[in-house]
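K.L.:
One predicted model, sequence on top.
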Amino acid sequence: MAGSTFGKNFRVTTWGESHGPALGAVIDGCPAGLPLTSEDIQSYLDRRKPGTSSLTTSRSESDTVEILSGVYEGVTTGCPISLMIRNTSQHSKDYGNLRTTFRPGHADLCFEEKYGIRDHRGGGRSSGRETAARVAAGAIAAKALKTLGIEIHAVTASIGNVTVPAELLDNLDNASLKTAYSLHSVMPDKSLDDAATELITKCREEKDSVGGSIYCTVTGMPVGIGEPVFDKLDATLSHAIFSIGAVKAVEIGDGIAVSELNGSENNDRMRAADEGKVSFETNHAGGILGGMSSSAPIKIKAYFKPTPSIFRPQETVCKNENGKFESTELTIEGRHDPVIVPRAVVVVECMTAITVFDALLENMGSKMEHLKKIY
Ligand SMILES: Cc1cc2nc3c(=O)[nH]c(=O)nc-3n(C[C@H](O)[C@H](O)[C@H](O)COP(=O)(O)O)c2cc1C
């Protein structure tokens, strides 16, 4: 299988399947000298962990990370960092009927036709569990970025028709982030969380699921991070976020809304600011111009489809003993979130961290001045 590695400089490879003994990540290219403990990683994993609320899957995993290499006496050594998370709550028998039957909205059919063999238990490599490895790796990138004054925060922006107003997303502060991280929906407002909880509960009762969106912002970015042609920062961020299961759209800044604006409305006016810097009066561009960071906050929105595993009978296909497709009806078992978004918030944050840290490392060779400082 190609494509399990992301990044050029801070290279993250994830491995493992939902119902195998463990899953994890290998990070090649993390600079030496970053203080790192398993607690730094665990605090991020705990935000993704299943079984923490009635709104999420009851699969109860501790998601405990083990650092196997690349860290000595609490500091990264520059060697590959290997991280492992054991799977401890597999209920593989729930998936017995999926050996030859293909779930609507899942990767099952494509895996079968592409590889001719697949681990049908819990979606195998396409499971949402794979994102635990991304979160573990992303926590390291986020810690490195923090030491450079760059902070990344994500919250739920919508669940079904319950939407956080743009003004609240644009003005996230420590208090609203604290609120979001204390609520099951990860929305930065208690009354919106109540409305979302009601909607999700109704979905669960109706054996259905619901989609939503996540807002992510990066602050403290220096100007010029990102490569201006194929590796534009908006392109690599979109790649990173589209690679998360169930993501169906990604917007940067005002996203698709700019297609209805005039240039006079959309252009962010610039002004000379203190210390020889530039300030922007507005941020329709979402902090990226020409594929490079402008120094304004980066604004990303990721849109998720409803959880594909629903507990209603669904029309689908199975393969008979002659290897031919037959129409059939399937009722899915197992433990599934009626909404993916709350658990994916930290995944979006971590994929953003990996992408931004990778781009920062790439930028070190952008001018002789940088190289002279180092060498
Ligand atoms: C954090 C996370 C958790 C997920 N949990 C579930 C789940 O419990 N049940 C499910 O059917 N899909 C879940 N998914 C989504 C599926 O993995 C995904 O929809 C499926 O593999 C098909 O891929 P696609 O939606 O990108 O086409 C989850 C995704 C993420 C990111």
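P.N.:
The structure has been received and is ready for your questions.

K.L.:
which residues in the stretch 201-350 of the chain form helices?
P.N.:
Assignment of helices within the stretch 201-350 of the chain using DSSP state H, counting those that start in this stretch yields the ranges 233-242, 263-266, 341-363.

K.L.:
The closest residue to the ligand within the stretch 1-150 of the chain: what secondary structure?
P.N.:
Ranked by C-beta to the nearest ligand atom, the top residue of the stretch 1-150 of the chain for proximity to the ligand is residue 128, at 2.3 Å. Yep, even glycine has a C-beta here, placed from its N, CA and C like the rest. What DSSP: H, G, I helix; E, B strand; the rest coil gives for residue 128 is coil.

K.L.:
doesn't residue 245 make contact with it?
P.N.:
Yes. Look at residue 128 against residue 245 with C-beta atoms under 8 Å: they come within range, at 5.7 Å.

K.L.:
When those two are compared, which one has more neighbours?
P.N.:
residue 128 (24 against 19; other C-beta atoms under 10 Å).

K.L.:
Got the phi and psi for that one?
P.N.:
Phi and psi for residue 128, reported as degrees, to the nearest 10, are phi -60, psi -20.

K.L.:
I'd like to check which residues are in contact with it.
P.N.:
Applying C-beta atoms under 8 Å, 6 or more residues apart in numbering to residue 128 gives the contacts 245, 246, 337, 340, 343, 344.

K.L.:
Quick check: mean pLDDT of stretch 109-129?
P.N.:
Averaging pLDDT along stretch 109-129 gives 90.

K.L.:
now swap in stretch 310-320 and tell me
P.N.:
Average pLDDT, stretch 310-320: 96.

K.L.:
Name the helix or strand for residue 84, please.
P.N.:
strand 81-86 (DSSP states H and E).

K.L.:
on that earlier part again, common neighbours of residue 128 and residue 245, please.
P.N.:
residue 340.

K.L.:
Tell me how many other residues crowd residue 271.
P.N.:
For residue 271, the tally of surrounding residues (other C-beta under 10 Å) stands at 9.

K.L.:
Next, find the distance separating it from residue 261.
P.N.:
Residue 271 sits 21 Å away from residue 261, going by C-beta to C-beta, to the nearest Å.

K.L.:
ok, now residue 178?
P.N.:
Taken as C-beta to C-beta, the span from residue 178 to residue 261 is 34 Å.

K.L.:
Then residue 120?
P.N.:
For residue 120, the distance to residue 261 - C-beta to C-beta - is 47 Å.

K.L.:
try residue 119
P.N.:
Per C-beta to C-beta, residue 119 is found 47 Å from residue 261.

K.L.:
Name the residue in those two with the higher neighbour count.
P.N.:
The neighbour comparison of residue 119 against residue 261 (other C-beta under 10 Å) goes to residue 119, with 17 against 12.

K.L.:
I figured the more buried one hits residue 19, correct?
P.N.:
Yes. Assessed by C-beta under 8 Å, residue 119 is found in contact with residue 19 at 6.8 Å.

K.L.:
residue with max distance from the center of this protein?
P.N.:
Computed with C-alpha atoms, centre = their mean, the residue of the chain farthest from its C-alpha average is residue 322, at 39.9 Å.

K.L.:
and it, how far is that from residue 342?
P.N.:
Taking C-beta to C-beta, one finds residue 322 at 44 Å from residue 342.

K.L.:
Output the below-cut-off pLDDT ranges for the chain.
P.N.:
50-60, 90-96 (pLDDT under 70).

K.L.:
What residues does it have near the ligand?
P.N.:
The chain comes close to the ligand at residues 57, 106-107, 123, 126-128, 131, 244-246, 305, 307-309, 336-337, 340, 343-344, 347, as judged by C-beta under 6 Å from any ligand atom.

K.L.:
Give me the buried entries from those.
P.N.:
57, 106-107, 123, 126-128, 131, 244-246, 305, 307-309, 336-337, 340, 343-344, 347 (16 or more other C-beta atoms under 10 Å).

K.L.:
and the residue of the stretch 251-375 of the chain nearest the ligand?
P.N.:
residue 309 (3.1 Å).

K.L.:
residues contacting the residue nearest to that residue when sequence neighbours are not counted?
P.N.:
Of all residues not flanking residue 309 in the chain, residue 336 sits nearest, at 4.1 Å (C-beta to C-beta, 6 or more residues apart in numbering). When contacts are counted by C-beta under 8 Å, 6+ apart, residue 336 is found next to 57, 209, 307, 309, 310, 311.
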